[in-house]
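got a predicted model here, sequence first, then my questions.
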Amino acid sequence: MVDASGALTLHGRLKSTIMVAGLKFFPEEVEAVLDDFAAVAESRVFAKPHPHLGELPYAEVVLRPGAALDRDVLRRHCAERLSPYKMPVEIAVVAAVPRTSGGKILRRSP
């Protein structure tokens, strides 16, 4: 939000941030890029711990009916739109993304 003086304040869920080597980002940003790919119906991005970098992003995607996934093309799609530290280390194809009882995407690492 922008206040009356023009100062920009970002609001979000602190728990949903991913921190890679001190650089923070929201998984929703990466999910938006993944979801923009033609073969992807829905995605989930979450962090897994890393001993030296803190955390690394991982992704799960649900494919559109009848779609096939070319991981190399998807990685290029992401690389054109994301900073290198936001690139998912691994992209897994799943039948459905896990959700909370309220229907929100579950962001915890499996």
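Looks like it arrived, so ask away.

CA only for contacts and neighbour counts going forward, please
Fine.

which residues touch the helix of greatest length in the chain?
Using DSSP state H to define each element, the chain has its longest helix at helix 71-81. Contacts to helix 71-81, defined as CA atoms under 8 Å, 6 or more residues apart in numbering, come from residues 33-34, 37, 87, 91.

and it, what's buried?
74-75, 78 (16 or more other CA atoms under 10 Å).

residue 47: what secondary structure?
strand (DSSP: H, G, I helix; E, B strand; the rest coil).

what pairs with it across the strands?
For residue 47, the beta-bridge partners are residue 57 (DSSP bridges).

from now on call the first residue 56
Yep, numbering from 56; the last one is residue 102 now.

excluding chain neighbours, what is closest to residue 162?
Leaving aside its chain neighbours, residue 162 sits nearest to residue 101 (5.2 Å; criterion: CA to CA, 6 or more residues apart in numbering).

likewise for residue 82?
residue 100 (5.3 Å).

my read is that the one you found contacts residue 111, right?
No: Residue 100 is beyond contact range of residue 111, at 10.1 Å (criterion: CA atoms under 8 Å).

who's more crowded, the two?
residue 100 (26 against 21; other CA atoms under 10 Å).

can you pull the contacts of the more buried one?
Contacts of residue 100 (CA under 8 Å, 6+ apart): 82-83, 85-86, 112-115, 143, 162.

one step back: so of the contacts of helix 126-136, which ones are in strands?
Of the contacts of helix 126-136, the ones assigned to strands by DSSP state E are residue 146.

mind checking which of the contacts of helix 126-136 are in helices?
88-89.

which two among the contacts of helix 126-136 are spaced furthest apart?
Largest separation among those by CA to CA: 92 and 142, giving 14.4 Å.
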